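S.K.: with the sequence up front, the predicted model follows.
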Amino acid sequence: MKNLQEDFDSLVAKTPLSDGVNRRGFIKTALGTGFAAAVLPVSAQHVIKTDDAGLTAGEITVNVNGQAVPVYRAQPKGKTDLPVILVISEIFGVHEYIADVARRFAKLGYLALAPELFVRQGDPGSYGTIAELQKEIISKVPDAQVMTDLDAVVAWAKANGGNTGKLGITGFCWGGRITWLYAAHNPQIKAGVAWYGRLVGDSTPLTPKNPIDIAAKLKAPVLGLYGAQDGGIPVSTVVQMKEALAKGSSKSEFIVFKNSGHAFHADYRASYVEADAKEGWQHAITWFKTHGVG
């Protein structure tokens, strides 16, 4: 039986080039399918595949000041008044892994929404290296734009069967940083779970603040799930963030997994640590339910 990566590579190779397909690694016509070129080859051994049985799942579009923003939506079929989870991607955009995470939440009774927040800057799946992707896409995305897009997604949720009185947010890597920032930006957020998102950094015109800068003003409780072996996010910055949070009242917390590095929840990458990923997921679900998201 072919593994997941072989199936994907075969599909890309056999598909003629068109406006909808880019052979560098990402099928653009179906949000939430395929993997970004920068992460190939996929480590398929542990990839989790959550089916859509009993769900309404697929792409919807949210209009933000005239810009169509694609969003992967997953929810229990035919249900309304659902608690809402925003699922924020890594730098690779809304690919198969992020869509699967949305379906995992939907299976638990949530309306899960994963917006493609890089749509104005380009296709994050088409760049062959992380360095290219950072330079050509990620470095050009303003935090203010992201906040506005997420506000529009929340408004869509409220108008389409979501109970935004039970609103949560979770994100991975780039999306982990956004989780902290959006929890401070939107007072409707009841709770957040940030997976290994950067906490400190330089202030720039596009990214004027980092999580440590808003920590003391944060109201919603955020659970930070981090790896002690993460070379890009040292534990020392987690300590700094804890000290900043102690000056506020959000009751945010951290769990640091001593045996994990960066992206330990990413089941399609070699960085995946199954035990810590599963434990982190359970902590996340408990956190949301404890804080009124569920």
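M.R.: Arrived safely.
S.K.: now do the helices in the stretch 51-200 of the chain.
M.R.: Along the stretch 51-200 of the chain, the segments classed as helices by DSSP state H, counting those that start in this stretch run 96-107, 130-136, 143-159, 174-185.
S.K.: just name the most buried of the ones you listed.
M.R.: Burial of these is given as mean neighbour count (mean count of other C-beta atoms under 10 Å); helix 174-185 ranks first at a mean of 25. For the C-beta atoms, the positions are set from N, CA and C on the backbone; glycine is no exception.
S.K.: orientation of that one relative to helix 96-107 in degrees?
M.R.: 50 degrees (axes from the mean of the first three to the mean of the last three C-alpha atoms, to 10 degrees).
S.K.: what's the closest of the helices of the stretch 51-200 of the chain to Lys49?
M.R.: Among the helices of the stretch 51-200 of the chain, the nearest to Lys49 by C-beta to C-beta is helix 96-107 (6.8 Å).
S.K.: how far away is Gly168 from Glu253?
M.R.: As defined by C-beta to C-beta, to the nearest Å, Gly168 lies at a distance of 15 Å from Glu253.
S.K.: so between those two, which is more surrounded?
M.R.: Set side by side, Gly168 and Glu253 show more neighbours around Gly168, with 29 against 14, by other C-beta atoms under 10 Å.
S.K.: and the closest residue in space to that one that isn't next to it in sequence, how many neighbours?
M.R.: Leaving aside its sequence neighbours, Gly168 sits nearest to Val293 (C-beta to C-beta, 6 or more residues apart in numbering; 3.6 Å). Using other C-beta under 10 Å, Val293 has 25 other residues around it.
S.K.: kindly report the same for Tyr196.
M.R.: Other residues close to Tyr196 by other C-beta under 10 Å number 30.
S.K.: and the one 3 residues further on, by the same measure?
M.R.: When neighbours are counted by other C-beta under 10 Å, Leu199 registers 26.
S.K.: can you add distance to Leu40 and give the helices of the stretch 51-200 of the chain back as a markdown table?
M.R.: Listed next are these as a markdown table, based on distance: least, C-beta to C-beta, whole Å:
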| stretch | distance to Leu40 |
| --- | --- |
| helix 96-107 | 12 |
| helix 130-136 | 12 |
| helix 143-159 | 26 |
| helix 174-185 | 19 |
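S.K.: tabulate these (TSV), appending distance to Ala36 and mean pLDDT.
M.R.: Converted to TSV, the helices of the stretch 51-200 of the chain look like this (distance: least, C-beta to C-beta, whole Å; pLDDT from 0 to 100):
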stretch	distance to Ala36	mean pLDDT
helix 96-107	10	98
helix 130-136	8	97
helix 143-159	19	98
helix 174-185	12	98
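S.K.: state the number of residues packed around the closest residue to Trp180 other than its chain neighbours.
M.R.: Of all residues not flanking Trp180 in the chain, Pro211 sits nearest, at 3.6 Å (C-beta to C-beta, 6+ apart). Neighbours of Pro211 under the rule other C-beta under 10 Å: 29.
S.K.: repeat that for Thr164.
M.R.: Around Thr164 sit 17 other residues, with neighbours defined as other C-beta under 10 Å.
S.K.: all strands for the chain, in order.
M.R.: For the chain, the strands defined by DSSP state E occupy 21-22, 26-27, 55-64, 67-76, 82-88, 111-115, 162-172, 189-195, 222-227, 253-257.
S.K.: can I get those in JSON lines with distance to Ala131 and mean pLDDT?
M.R.: Formatted as JSON lines, the strands of the chain follow (distance: least, C-beta to C-beta, whole Å; pLDDT from 0 to 100):
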{"stretch": "strand 21-22", "distance to Ala131": "19", "mean pLDDT": "38"}
{"stretch": "strand 26-27", "distance to Ala131": "17", "mean pLDDT": "37"}
{"stretch": "strand 55-64", "distance to Ala131": "29", "mean pLDDT": "98"}
{"stretch": "strand 67-76", "distance to Ala131": "25", "mean pLDDT": "98"}
{"stretch": "strand 82-88", "distance to Ala131": "22", "mean pLDDT": "98"}
{"stretch": "strand 111-115", "distance to Ala131": "25", "mean pLDDT": "98"}
{"stretch": "strand 162-172", "distance to Ala131": "19", "mean pLDDT": "98"}
{"stretch": "strand 189-195", "distance to Ala131": "22", "mean pLDDT": "98"}
{"stretch": "strand 222-227", "distance to Ala131": "22", "mean pLDDT": "98"}
{"stretch": "strand 253-257", "distance to Ala131": "27", "mean pLDDT": "98"}
